[in-house]
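Asks: Build me a model:
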Amino acid sequence: MSKIIEATYENGVLKPVGFLSLKEHQRVRLFIEEISPVKSDILNLATKIYQGLSPEEIQEIEAIAFNRSNFSREGV
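Replies: So this is what the prediction gives:
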């Protein structure tokens, strides 16, 4: 039987994302392929930046981020 599953590596252990229909102590062969984050994952992570912040804090952060003079090398 061959099957492709996704897993997460945490604390030295591969943890399957879903249920595996394997017998206890069954040996398997793994082929590891890194999964690049998809746009929706990146968007998901980006929205977490603002969690727990007040609207005023968010506004201040965005004002700094969108102010192009913060990225200028002038005056350095």
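Asks: buried ones in the lowest-mean-pLDDT helix or strand in the chain?
Replies: Lowest on mean pLDDT, DSSP states H and E among the helices and strands of the chain sits helix 39-48, with a mean of 76. By neighbour count with 16 or more other CB atoms under 10 Å, helix 39-48 contains no buried residues. The C-beta positions use only the backbone N, C-alpha and C, and glycine is treated the same way.
Asks: And the next helix or strand past it?
Replies: Proceeding N to C from helix 39-48, the next assigned helix or strand is helix 55-66, under DSSP states H and E.
Asks: Check which helices and strands that following helix is in contact with.
Replies: If contacts are counted by 3 or more CB pairs under 8 Å, 6 or more residues apart in numbering; DSSP states H and E, helix 55-66 sits against no helix or strand.
Asks: Dump it to CSV, restricted to CA.
Replies: What follows is helix 55-66 as a C-alpha-only set of coordinates in CSV (Å, rounded to 0.1, in the frame of the first residue of the first chain):
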residue,chain,number,x,y,z
PRO,A,55,-7.2,49.5,16.8
GLU,A,56,-5.0,52.3,17.8
GLU,A,57,-1.9,50.0,18.0
ILE,A,58,-2.8,48.6,14.6
GLN,A,59,-3.2,52.1,13.1
GLU,A,60,0.2,53.1,14.5
ILE,A,61,2.0,50.0,13.1
GLU,A,62,0.4,50.6,9.7
ALA,A,63,1.3,54.3,9.7
ILE,A,64,5.0,53.3,10.3
ALA,A,65,4.9,50.5,7.7
PHE,A,66,3.3,52.7,5.0
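Asks: Just give me how far that helix sits from the chain centre.
Replies: Relative to its parent chain, helix 55-66 has a centroid offset of 23 Å by CA atoms, centre = their mean, to the nearest Å.
Asks: How about stretch 1-10?
Replies: Relative to its chain's centre, stretch 1-10 lies at 17 Å (CA atoms, centre = their mean).
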